[in-house]
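predicted coordinates and the sequence they were generated for:
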Amino acid sequence: MSGQRHPDTETLASLRAGLVGGLRGRRLAAHVARCGRCAAAGDELAAVSSLLAATPTPPLPDNFELRITAALAAEVTARALAASSSEGTATGLAALSQDGADPGISGEHARARVPAERPKAASSRRRGPALRFRPAMAFVPLVVCLLAGFGYLLSTIGGQSSNSSQALSTPSAGAVPAAGEQMGPNLPGTFLVAASGMNYLRGTLGTQVRLEMSAQYSSSSGRQSMASSGGVTTSPSAFAGGATRSIPSGFAAPTSALTGCVLRVTGGVRPSLVDKATYQGQPVYVIAVPTRAWVVGRGCSASNPAIVTSVALTAAR
Amino acid sequence: MAEGEPSDAELLRRHVAGDLEAFGMLFSRHKDRLWAVALRTVCDPEDAADALQEAMISAFRRAADFRGDSAVTTWLHRIVVNASLDRLRRRQTRSVSWSGDPDALDALAAQAARGGASATGPPPSGVAAHAPGAASLDSAEAVETRLDVDAALRTLPPEQRAALVLVDMFGYSVADAAEILGVSPGTVKSRCARGRSRLLPYLSHLRTNSPGGGNRSGAASVSSEQEGGV
């Protein structure tokens, strides 16, 4: 054997992977079978695979999941709008006007803002053939609710939103930042779900909602010092240390169904409050923007908002 | 997937048919696995999240193009891997020497170790360092091992790393990995073989520490030498 060479590790790895056949493969295999050194190297290569298999990967952090869920919720809204476009928008706008559920933005305003800004991920993609237009009859009710908010949604979505669009997302009187603002990008679908434990009552719903919004604002302001330095979700190092702290205790990330529910109920406006609570003793979510609050069933989703009641929020009396 | 829940194919069919919640369910079902593949491929949490988001939006829009000649998960993984590799290519045009943000990934790994969570499901039996409840006991060693593996993976070319991650780390068959990567099974085998041999010098010291591993030393890097042989 002297004067001959050991195969290098890449050759051994190729042999183990079945990539070396024929006479050369047989000679290599015969060599490895009688060479302790090469057999050991083969074992080491097998150990690399075992080590990789045994190395866990961290689960998707909540703040990233929230971001992606919000982006998908925006896609759902865009899809509903596309479907409505094929059906005509007049009916939807008329119904919206009659319903009077406009949370502070008109349909015209919404449409005017559509081209202005797009979601970060969506902006790099071309619309068109990839977004299919389908029979929309089943989505008309959803479209009606989402239409006004969609342009607004696009105008506010994305971490680079302008101040003006941000101001629009939390309009005027008594505007209270959503707890989700700690999550980074000002996405309409980026919010946190509080669990206040409050039992909202029919006669005092508006007052209770305003109080809870104020309480959360105070609470989130106190936490800003923790989350503000460097931005929780904008830098990898901040992210790395902040994947758990980015969701404060007492809050939880919404499910995709709840995100769709909230976007539908608010018409695409970022909520100031989403509270997992009870209403008249029944388990509900309370969703609020600065001008209106809704009580919805726990099974609320984009296709089935399950609205129990709603109330206009006026300035504190 | 629990009994009675719709299959992946059914969810995708519903999504194509206009169900507004079906895709969200699909994402929720596979998010951790898809995230794991993205993270291991791009080696940076922020970029992995961006890649996963791009991939999910792409899948959302192109669902009607899915022909059903592979599993839905394979299709999703293919989109995620492609988005991850695209992101790496775009990044390489900006910085030739970039090799991931070790601090971000290391901190994420350390955090996961404290939480004892894993996106890749239960670890193989006998790997006590990664078992629930053992995290605190062996956390320092487990984290150190994970960091070494992370650092070693970052030394591989992206395509090689993607193949090795799919086959060795996540247990995909060579055929499935080939479908996900859009290459032949032979190419997957070749990339894996080269990847393993390149990782060997970085990881051989860990074998003696890992439960179930032997104490055989030496031969970490068998180069061509004049000593017996073929």
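Sure, I can see it. Numbering: from 1, shown residues only, chains lettered A, B, ... in the order given.

I'd say A:Thr314 and A:Gly206 touch.
Yes. The pair A:Thr314 / A:Gly206 is scored as a contact, 7.3 Å apart, by CB atoms under 8 Å. Glycine gets a C-beta too; all of them are placed from N, C-alpha and C.

tell me which of these two has more neighbours.
A:Gly206 (18 against 11; other CB atoms under 10 Å in any protein chain shown).

do you know the pLDDT at that one?
You'll see A:Gly206 listed with a pLDDT of 88.

ok, now which ones touch it?
A:Gly206 is in contact with A:293, A:311-314, counting by CB atoms under 8 Å, 6 or more residues apart in numbering or on different chains.

which one of these is nearest to B:Val37?
Nearest to B:Val37 among the contacts of A:Gly206, counting by CB to CB, is A:Ala293 at 41.4 Å.

could you find the closest non-adjacent residue to that closest one?
Nearest non-adjacent residue to A:Ala293, counting by CB to CB, 6 or more residues apart in numbering or on different chains: A:Val209, 4.3 Å away.

quickly find the element holding the one you found.
Using DSSP states H and E, A:Val209 sits within helix A:205-228.

what's the following helix or strand after the worst-scoring helix or strand of chain B on mean pLDDT?
Here the helix or strand of chain B ranked lowest by mean pLDDT, DSSP states H and E is helix B:102-115, holding a mean of 56. Going down the chain from helix B:102-115, the next helix or strand is helix B:135-154, by DSSP H and E.

other SSEs contacting that next one?
Counting by 3 or more CB pairs under 8 Å, 6 or more residues apart in numbering or on different chains; DSSP states H and E, the packing neighbours recorded for helix B:135-154 are helix A:36-54, helix B:102-115, helix B:185-207.

closest one to B:Ala59 among those helices?
Shortest distance between B:Ala59 and these, using CB to CB, is found for helix B:185-207: 22.4 Å.

which parts of that closest one are buried?
Buried residues in helix B:185-207, counted by 16 or more other CB atoms under 10 Å in any protein chain shown: B:187-200, B:202-204, B:206-207.

same question, stretch B:63-76
B:63, B:66, B:72-76.

for that stretch, give me every contacting residue.
So stretch B:63-76 is in contact with A:132, B:8-9, B:11-12, B:15-16, B:23, B:26, B:30, B:33-34, B:55, B:59, B:176, B:179-180, going by CB under 8 Å, 6+ apart.

just the buried ones from those, in ChimeraX syntax?
In ChimeraX, a selection of the buried entries from those looks like this (16+ other CB under 10 Å):
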select /B:8,11,12,15,16,23,26,30,33,34,55,59,176,179,180
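
filter the contacts of stretch B:63-76 down to the ones in helices?
Of the contacts of stretch B:63-76, the ones assigned to helices by DSSP state H are B:8-9, B:11-12, B:15-16, B:23, B:26, B:30, B:33-34, B:55, B:59, B:176, B:179-180.

nearest to chain A among these?
Closest approach to chain A among the ones in helices among the contacts of stretch B:63-76 (CB to the nearest CB): B:Phe23, at 6.6 Å.

so what pLDDT did the closest one get?
On the pLDDT scale, B:Phe23 is placed at 92.

now the one 4 residues further on
Here the pLDDT value assigned to B:Phe27 is 93.

what sits against it?
B:Phe27 sits in contact with A:68-69, A:72, A:256, B:56, where contact means CB under 8 Å, 6+ apart.

restricted to helices, list the buried residues of stretch B:63-76.
Using DSSP H to define helices, the subset of the buried residues of stretch B:63-76 located there is B:72-76.

tell me which of those is nearest to chain A?
Taking these together and measuring to chain A by CB to the nearest CB, the closest member is B:Leu76, at 13.1 Å.

and stretch A:24-32, what's buried?
By neighbour count with 16+ other CB under 10 Å, stretch A:24-32 contains the buried residues A:28, A:31-32.

count of neighbours near the residue nearest to B:Pro185 when sequence neighbours are not counted?
Distances taken as CB to CB, 6+ apart put B:Ala178 closest to B:Pro185, at 4.5 Å, once the chain neighbours are dropped. The local packing of B:Ala178 (other CB under 10 Å) involves 20 other residues.

B:Ala178: what's it in contact with?
B:184-185, B:187-188.

can I take it that A:Val308 is in a helix?
No. Judged by DSSP: H, G, I helix; E, B strand; the rest coil, A:Val308 forms no part of a helix; its state is strand.

which SSE is the residue lying closest to it once chain neighbours are set aside in?
Among residues not flanking A:Val308 along the chain, A:Val295 sits closest, at 4.2 Å (CB to CB, 6+ apart). According to DSSP H and E, A:Val295 maps onto strand A:292-297.

name every strand pairing with that strand and say which way it goes.
Here strand A:292-297 has these sheet partners by DSSP bridges: strand A:282-289 (antiparallel), strand A:307-312 (antiparallel).

let me know which of these is tucked in deepest.
Comparing the strands paired with strand A:292-297 by mean neighbour count (mean count of other CB atoms under 10 Å in any protein chain shown), strand A:282-289 ranks first with a mean of 23.

list of residues touching it?
A:103-104, A:171, A:193, A:200, A:209, A:212-213, A:258, A:261-262, A:265-266, A:269-279, A:293-298, A:300, A:308, A:313.

can you say which of those residues are buried?
Listed as buried from the contacts of strand A:282-289 are A:103-104, A:171, A:193, A:200, A:209, A:212-213, A:258, A:261-262, A:265-266, A:269-279, A:293-297, A:300, A:308, A:313; burial here means 16+ other CB under 10 Å.

quick one: the residue nearest to A:Val308 from A:Pro271, how far?
Distance of A:Val295 to A:Pro271, computed by CB to CB, to the nearest Å: 13 Å.

if we can go back for a sec, return the closest of the ones in helices among the contacts of stretch B:63-76 with respect to B:Val165.
Closest approach between these and B:Val165, by CB to CB: B:Ile180, at 10.4 Å.

which ones are touching that closest one?
Contacts of B:Ile180 by CB under 8 Å, 6+ apart are B:74, B:77-78, B:81, B:166, B:172.

again, but for B:Leu12
Contact analysis of B:Leu12 by CB under 8 Å, 6+ apart lists B:22-23, B:26, B:63, B:66, B:72.

likewise B:Pro185?
By CB under 8 Å, 6+ apart, the contact list for B:Pro185 reads B:174-175, B:178.
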